[in-house]
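Colleague: 3D model of this:
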Amino acid sequence: MKAIWNNTVVAESDDTVVVENNHYFPADSLKKEFFEDSIAHTSCPWKGRASYYSLRVNGDLNKDAAWFYPETSPAAANIKDRVAFWKGVRIEK
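Modeller: From the prediction side, this is the model:
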């Protein structure tokens, strides 16, 4: 699977986990040069507290376009150390 934004592959892996129709990519599959830490956080009742990354590709910023759970709840252990995408990031085979 590939995560693509701004015509650029920002993550690629054959080992994604699908939860609630989102592909969670292993953290080591991210192309780190496109990721910036964000101060944003949200909470999910069953997964825990999410943190975010923004994407910067070819000078364009996609704020808070990727999220992950630094400390997953026991129910979400299968997405520990994984990152998912939204805000126009395409997921393709």
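Colleague: and residue 4, that's in a strand?
Modeller: Yes - per DSSP: H, G, I helix; E, B strand; the rest coil, residue 4 lies within a strand segment.
Colleague: separation between it and residue 55?
Modeller: Distance of residue 4 to residue 55, given as Cβ to Cβ, to the nearest Å: 11 Å. C-beta coordinates here come from the backbone N, C-alpha and C atoms, glycine included.
Colleague: name the helices or strands packed onto the one helix or strand residue 84 maps to?
Modeller: Assigned by DSSP states H and E, residue 84 belongs to strand 82-85. Secondary-structure packing of strand 82-85 (3 or more Cβ pairs under 8 Å, 6 or more residues apart in numbering; DSSP states H and E): strand 8-12, strand 22-26, strand 60-68.
Colleague: let's have these in CSV, adding distance to residue 36.
Modeller: What follows is the helices and strands packed on strand 82-85, written out as CSV (distance: least, Cβ to Cβ, whole Å):
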stretch, distance to residue 36
strand 8-12, 12
strand 22-26, 17
strand 60-68, 8
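Colleague: sorry, back to before: how far is the strand holding residue 84 from where the chain is centred?
Modeller: Distance, stretch centre to chain centre, for strand 82-85: 2 Å (Cα atoms, centre = their mean, to the nearest Å).
Colleague: now do it, average pLDDT.
Modeller: On average, the pLDDT along strand 82-85 is 98.
Colleague: same check, this time on stretch 6-26
Modeller: 97.
Colleague: enumerate the positions of that stretch that are buried.
Modeller: 6, 10-11, 13, 16-17, 22-25 (16 or more other Cβ atoms under 10 Å).
Colleague: what's the most distant pair in the residues you listed?
Modeller: Using Cβ to Cβ, the two most remote members of the buried residues of stretch 6-26 are 6 and 17, lying 24.7 Å apart.
Colleague: need the pLDDT of residue 38.
Modeller: 97.
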